[in-house]
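Q: the following comprises the amino acid sequence and a computationally predicted model.
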Amino acid sequence: MDSFINNVAEVNDMVNDFVWTKVGVWLLIAAGLILTISTKFFQVSHFGHWIKKTIGNLFQKKVRSHTGDKGSISQFQALCTALAATVGVGNIAGVAGAIVTGGPGAVFWMWVAAFLGMMTNYSENILGIYYRRKNKSGEWSGGPMYYLQDGLGSKKGMKKVGRVLAIIFAICAVLASFGIGNMGQVNKIVLNFTSAFDIPALSENVLYGKGDSAVTMYHLILGIVILILVGIVVIGGLQRIANVAEKIIPFMVIMYIWGALIVIFVNISSIGKAFSSIFSMAFTEQAAWGGATGIALQKIITMGCKRGVFSNEAGLGSSVMVHSNSNVVEPVKQGLWGIFEVFADTIIICTLTALTILTSGVIDLNTGVHSAGSDATLVAESFNSVFKFGNFEFGKYFIAIAILLFAFTTILGWSHYGTKAVEYLSGGKSEIVTRIYKIVFVAAIMLGAMMTSSIAWDISDTFNGMMMLPNLIGVLSLTPLVIKLTQNYVDRRIKGKDIPPMLSHFPDIQDEHERKIRETGED
């Protein structure tokens, strides 16, 4: 088993280096920059509008209420399901890993990736709504594979190219669902749970491996429990996933934010030094720790962007597949939720994680020496600096439970993404194929529970990059359409002009949506 894992790791490292270091990071930044400029810095120039139309509308019935249509979910459910897949291990272990590997400067590049990613995610979502269609079960189906096929593919001489890229994306999405959406998440659950809630009788019963790579009976039992819980929800389809997500996501996000704020407030005297280290170490050829480790600037940027994308998924095109299931008819309106999704995930949650680490003293900002054994336990130590009462380390228990909930909902969200990708590859005609995928997806949880942390994480990075490339090609090729859809929305909804709306690529769906707006007055 060890030799097999080592061989997989070697191959993965080669692919990962090409996909990310040679191509991915730069394409990601370029795409976000182009889309930001093309939309006239929409995330800044219309900040008040998208805040009002997202978080400002959370208590409105039309946003939160469940739809009677079995083929769609509410806007709030779509957001929660998308956040279920994005707010996960990346927000805790991912941020810690970026800081440990790339120094505090990596946090700056996470912010850059998020700022530009707001418009990337926005663009993906409006294209997803614009090109979505209903499958034979009456459920909305949308995502990069559809705007690659029908958007890019509609351009002169690009029909085959669009189709091929759509297939490549769908295949990569299926693979990514087993990496970022399954094995990586399960692995972190097991690692942190076994560390926080130690049960000697189970931890000492080693099935195979040695030292940190040892797999114990504890790993096996946790894997089985997670498998059963995920299986129960996934079998119920999107409606059940959305129902679980809308109950867990708000609760766990609020609890985590409050916990992080308390840690930061207690260590408020270190906040200035923390921000100073982030900015001063973001552009240096010698990374943090006084140049002791010599991390190159490119590595700082790469780590920051990789972990940013791992966290918020902007550029992957993944969350489009659930946003497209929203009952909203206005593409840009759902795009606004895409902006908020990245803002909440990275600018708020990831920043809070970074500041808890940098202010709590678990890392010496001068030497880089840290007190924890791994990235996730580093965050636990940060919380323990405040939430420790005698020998009772509440911080590590809190983080273990937070990672459990974060990662569990991420697995649920990604099961839907993978299902939609498989549905596309099967031509939307075979429910048997999607059922088989769900069975294999749930079974793969055991593999994640019994893999070493590093390989599970590295595979997730690679699949992310492989998924990102065709998606960004599609989004960039359709930038003129993104500009038109945005301008149409701004003219109608903000400037009050009386012009026809742009709601769908397909005439029949366009007519249906216009009729709905006339009859209900809602968009």
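A: Received the coordinates, thanks. Quantities reported herein were computed from a predicted structural model and do not represent experimental measurements. Residues are numbered from 1 along each chain as shown.

Q: once you drop chain neighbours, what's closest to Lys420?
A: The shortest distance from Lys420 to any non-neighbouring residue, by C-beta to C-beta, 6 or more residues apart in numbering, is to Met321 (4.4 Å). For every residue, glycine as well, the C-beta is placed using N, CA and C.

Q: how many residues are close by the one you found?
A: 32 (other C-beta atoms under 10 Å).

Q: remind me which residues of the stretch 301-450 of the chain are low pLDDT?
A: Across the stretch 301-450 of the chain, the ranges flagged by pLDDT under 70 are 301-313, 366-376, 428-430.

Q: can you map out the strands along it?
A: Under the criterion DSSP state E, counting those that start in this stretch, the stretch 301-450 of the chain contains strands at 388-389, 392-393.

Q: I'd like the ones you listed as JSON lines, with mean neighbour count appended.
A: As requested, the strands of the stretch 301-450 of the chain are exported to JSON lines (neighbours: other C-beta atoms under 10 Å):
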{"stretch": "strand 388-389", "mean neighbour count": "10"}
{"stretch": "strand 392-393", "mean neighbour count": "14"}
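
Q: with distance to Ile439 added, can I get the ones you listed in CSV?
A: CSV is the format used below for the strands of the stretch 301-450 of the chain (distance: least, C-beta to C-beta, whole Å):
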stretch, distance to Ile439
strand 388-389, 43
strand 392-393, 39
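
Q: so Gly474 touches Leu148, yeah?
A: Yes. With contact defined as C-beta atoms under 8 Å, Gly474 counts as touching Leu148 (4.3 Å).

Q: common neighbours of these two, please.
A: Counting by C-beta atoms under 8 Å, 6 or more residues apart in numbering, the common neighbours of Gly474 and Leu148 are Gly162, Leu165, Phe169.

Q: now distance to Leu227, neighbour count and secondary structure too, for those residues, in CSV please.
A: What follows is the shared contacts of Gly474 and Leu148, written out as CSV (distance: C-beta to C-beta, whole Å; neighbours: other C-beta atoms under 10 Å; DSSP: H, G, I helix; E, B strand; the rest coil):
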residue, distance to Leu227, neighbour count, secondary structure
Gly162, 37, 23, helix
Leu165, 34, 23, helix
Phe169, 28, 30, helix
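
Q: now do the residue lying closest to Val362 once chain neighbours are set aside against Met252, distance only.
A: Spatial nearest neighbour of Val362, chain neighbours left out: Glu381 (4.5 Å); criterion: C-beta to C-beta, 6+ apart. Distance, Glu381 to Met252, by C-beta to C-beta, to the nearest Å: 20 Å.

Q: higher neighbour count, these two?
A: Taking Glu381 and Met252 together and counting by other C-beta under 10 Å, Glu381 has the greater number of neighbours (24 against 20).

Q: distance check, that one against Phe275.
A: Going from Glu381 to Phe275 by C-beta to C-beta gives 21 Å.

Q: ok so, going back, how about the shared contacts of Gly474 and Leu148 in a markdown table, adding pLDDT and distance to Asn327?
A: Shown next, in a markdown table, are those (pLDDT from 0 to 100; distance: C-beta to C-beta, whole Å):
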| residue | pLDDT | distance to Asn327 |
| --- | --- | --- |
| Gly162 | 92 | 28 |
| Leu165 | 93 | 29 |
| Phe169 | 92 | 25 |
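
Q: which one of those residues sits closest to Ile499?
A: Among the shared contacts of Gly474 and Leu148, Gly162 lies closest to Ile499 (C-beta to C-beta), at 28.8 Å.

Q: which non-adjacent residue is nearest the closest one?
A: Leaving aside its chain neighbours, Gly162 sits nearest to Gly153 (2.7 Å; criterion: C-beta to C-beta, 6+ apart).

Q: count of neighbours near the one you found?
A: For Gly153, the neighbour count with other C-beta under 10 Å is 20.
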